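1. Sharing a model prediction with you, sequence too.
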Amino acid sequence: MSVPPLPIRPIDGAEFGALVRTVETAFGEAAHPDDIERERLVFEPDRSLAAFDGDRIVGGTWVFSFGLSVPGGELPAAGVTGVGVLPTHRRQGLLTRLMRRQVDDVRDRGEPLAALWASEAQIYGRFGYAPATFGAAHRIRKRGATALTRAPAAGGLVRLVDPDFALAAFPPVYDRTRSGRPGMPSRRGRWWEYQLLADPERHRSGHSDKQLITYTEADEVDGYAVYRVKPSWDDRGAPTGTVDVVELMAATPAAGAALWRHCLGIDLTTNVRAPRRPLDDPLPLWLDDPRQAQVVVADALWLRLVDVPAALSGRSYASTGRLTLDVRDAFCPWNDGRWTLETDGSEASCTRTRGSADLVLDQTDLAMLYLGGTTATGLTLAARIEERTPGAVARLDALFRVPLAPWAPEVF
């Protein structure tokens, strides 16, 4: 006798703690009661899904609703998070059913994009997600005075601020930085309290509390940074502390230079770490000795085009052009087929066609290209794109080119 599949449904408010504890258990962690309450600040019950074995939640996921910056503007996106299945219920198809139900819901809501941070890279490709942004982790070993001799002069003021001031001053800087930079989620409602400004002592791991600074010039806040300091000493009693830069946002080059000078100049420290920086961060170019910066590049935000025509017509392009793409998408068959993209640069249309294709590619390849973080030339070298019309790959690269590297500055 066959066993009926476990039911999957959104949770109600009373079941929230159980959902969080299930997901934390799937990640090998324990959910602290205070963390559960903090999650409630931004939780959207109708965007949750849980699998039930009897009255027990054994798997789940939920979504943050936000706008994702794309070339030329912003599109609604589903920020997928909290994906987990208990070890006792793995290899039973629950994850696939959860992701199937979720992407159908995203489509029904009219969101053309879904995004996530992949805990394990091999999991999410089969659901159509692919790395669309890459981040640079900087580690700077200070040797004496670390000079930013190539950085612009800054005539403004850097000062420490309290969380209430930061809550008012930081969001406008973030929005200015986000303008023209693809890959950055909007931060709405209580997101700032939930994420960047939250500072539970149990999460500090021997570091100081979060230090909040701003850069102000001509009575306007043009930049901010959040960092922690972890003090340490070697056997001789010499200081070897570390500054961990949680986030640094600068709306002007002068603001960026001033904030980095502050972080690099903190006393009793010999290392500065910044784990999630854009690939085109100017910091290494500003250093008098660029070899002081050790840079590790890794995938960051993974993207899925839930609605290919809406996604392609919802961004701007670097040139005019017309291309027909044969898109393969087994998980979302409504995307599968041939689409003609036509644009004058600022506006675009994408319509289904029976005409011959210029290029054949999987939806995951299109997701990698979408924000400008990967080139069609590179994907063709990897034998992931088939060029059927000579020159089509170069034309695709010309269309999707962006002036600033896409950047996702925080994990959600």
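-> Okay, I see it.
2. Check which helix or strand M249 maps to.
-> Assigned by DSSP states H and E, M249 belongs to strand 241-250.
3. quick one: that strand to chain centroid distance?
-> 17 Å (C-alpha atoms, centre = their mean, to the nearest Å).
4. Name the residues of the helix or strand just after that strand that are buried.
-> Per DSSP H and E, strand 241-250 leads on to helix 253-264 as the next helix or strand towards the C-terminus. For helix 253-264, the neighbour count (16 or more other C-beta atoms under 10 Å) marks P253, A254, A255, G256, A257, A258, L259, W260, R261, H262, C263, L264 as buried. All C-beta spots, glycine's among them, are computed from the backbone N, C-alpha and C.
5. what's the answer for stretch 119-135, then?
-> Neighbour counts over stretch 119-135 (16+ other C-beta under 10 Å) mark Y124, F127, G128, Y129, A130, P131, A132, T133, F134, G135 as buried.
6. residues contacting G13?
-> P45 (C-beta atoms under 8 Å, 6 or more residues apart in numbering).
7. swap that for D329, sorry
-> G128, V308, N335, D336, D362, Q363.
8. again with L301
-> Counting by C-beta under 8 Å, 6+ apart, L301 makes contact with A115, L116, W117, P131, A132, T133, G183, P406, A408.
9. Buried residues in the strand holding M249, which are they?
-> By 16+ other C-beta under 10 Å, the buried positions in strand 241-250 come out as G241, T242, V243, D244, V245, V246, E247, L248, M249, A250.
10. just curious, which of those residues is nearest to E37?
-> Distance to E37 across the buried residues of strand 241-250 (C-beta to C-beta) is lowest for V246, with 21.5 Å.
11. where's the closest residue to the closest one other than its chain neighbours relative to E15, distance?
-> Nearest-residue entry for V246: V226, 4.3 Å, with adjacent residues in sequence omitted and distances by C-beta to C-beta, 6 or more residues apart in numbering. Distance, V226 to E15, by C-beta to C-beta, to the nearest Å: 33 Å.
12. what's the answer for T149, then?
-> From T149 to E15 the distance is 57 Å (C-beta to C-beta).
13. what about P282, neighbour count?
-> 18 (other C-beta atoms under 10 Å).
14. So it is in contact with G256, correct?
-> Yes - between P282 and G256 there is a contact at 6.6 Å, judged by C-beta atoms under 8 Å.
15. circling back: can you name every helix or strand that the strand holding M249 contacts?
-> With contacts taken as 3 or more C-beta pairs under 8 Å, 6 or more residues apart in numbering; DSSP states H and E, strand 241-250 sits against helix 163-178, strand 220-230, helix 253-264, strand 269-277.
16. Output these in JSON lines, with distance to A376 and mean pLDDT appended to each entry.
-> Formatted as JSON lines, those follow (distance: least, C-beta to C-beta, whole Å; pLDDT from 0 to 100):
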{"stretch": "helix 163-178", "distance to A376": "26", "mean pLDDT": "98"}
{"stretch": "strand 220-230", "distance to A376": "35", "mean pLDDT": "98"}
{"stretch": "helix 253-264", "distance to A376": "31", "mean pLDDT": "97"}
{"stretch": "strand 269-277", "distance to A376": "25", "mean pLDDT": "96"}
